[in-house]
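Q: here is a sequence with its predicted model. Questions after.
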Amino acid sequence: MQISSEYASLVQWIRDNTDASDAVLHIHAGMIVLILARLVTRYPLSHPVPFVVVLVVAAGNEVLNRLNFGSWRWSDTTVDFTCSVFWPAMLFVVLAMQQRVGRRPSLRGMPSSRRR
């Protein structure tokens, strides 16, 4: 049997054995991949590597779906990909911005003439 059909069977089994919608399953899968990528690579969530892993896995999922169905189902693909990467992207952006802002020198130690 082909990998894409085996994968589709696994995905269908997950859908059949949960009460979650397809979108909710993609949200959870994206977050699980993000956490696993963080643990395996040891990069912080503010580093792009864990997020790039999520992008690659989400794209791989859609490629396997395309192979299984025989054609792209663009409306489904777009929603699935977006649901998978949205919250990992938000975490990456917020944490990366927070880290960069945290590196700025404090204004408390500056003389008042230099605070502007």
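A: Done, it's in.
Q: let me know how buried Ile14 is, in neighbour terms.
A: As a burial measure, Ile14 scores 13 neighbours (other Cβ atoms under 10 Å). From N, CA and C alone the C-beta is placed, and that goes for glycine too.
Q: chain neighbours aside, what residue packs nearest to Ala29?
A: Spatial nearest neighbour of Ala29, chain neighbours left out: Ser84 (6.0 Å); criterion: Cβ to Cβ, 6 or more residues apart in numbering.
Q: would you confirm that the one you found contacts Ala58?
A: Yes. Counting by Cβ atoms under 8 Å, Ala58 is a contact partner of Ser84 at 4.0 Å.
Q: so those two - more neighbours on which side?
A: Ser84 (27 against 21).
Q: list the contacts of the more buried one.
A: The contact partners of Ser84, by Cβ atoms under 8 Å, 6 or more residues apart in numbering, come to 26-27, 29-30, 33, 54, 57-58, 61.
Q: and if we set it to 7 Å?
A: Residues near Ser84 by Cβ atoms under 7 Å, 6 or more residues apart in numbering: 26, 29-30, 54, 58.
Q: so it is in which element?
A: Per DSSP states H and E, Ser84 falls inside helix 74-102.
Q: now that helix: buried residues?
A: 77, 80-81, 83-85, 88-89, 91-92, 96 (16 or more other Cβ atoms under 10 Å).
Q: which one of the contacts of Ser84 sits closest to Val11?
A: Ala29 (9.6 Å; Cβ to Cβ).
Q: can you put the buried residues of helix 74-102 in TSV and add pLDDT and distance to Pro48?
A: As requested, the buried residues of helix 74-102 are exported to TSV (pLDDT from 0 to 100; distance: Cβ to Cβ, whole Å):
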residue	pLDDT	distance to Pro48
Thr77	95	23
Asp80	96	22
Phe81	97	18
Cys83	98	20
Ser84	98	17
Val85	98	13
Pro88	98	11
Ala89	98	11
Leu91	97	12
Phe92	97	7
Ala96	94	8
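Q: kindly export the helix or strand bottoming out on mean pLDDT in the chain (C-alpha atoms) in CSV.
A: Least confident helix or strand, the chain: helix 3-16 with a mean of 91, by mean pLDDT, DSSP states H and E. Only the C-alpha atoms of helix 3-16 are listed here, as CSV (Å, rounded to 0.1, in the frame of the first residue of the first chain):
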residue,chain,number,x,y,z
ILE,A,3,2.4,5.8,2.1
SER,A,4,-0.3,8.4,1.2
SER,A,5,-3.2,5.9,1.6
GLU,A,6,-1.7,4.6,4.9
TYR,A,7,-1.4,8.1,6.2
ALA,A,8,-5.0,8.9,5.1
SER,A,9,-6.2,5.8,6.9
LEU,A,10,-4.4,7.0,10.1
VAL,A,11,-5.9,10.5,9.8
GLN,A,12,-9.4,9.0,9.2
TRP,A,13,-9.0,6.8,12.3
ILE,A,14,-8.1,9.9,14.4
ARG,A,15,-11.2,11.8,13.0
ASP,A,16,-13.4,8.8,13.7
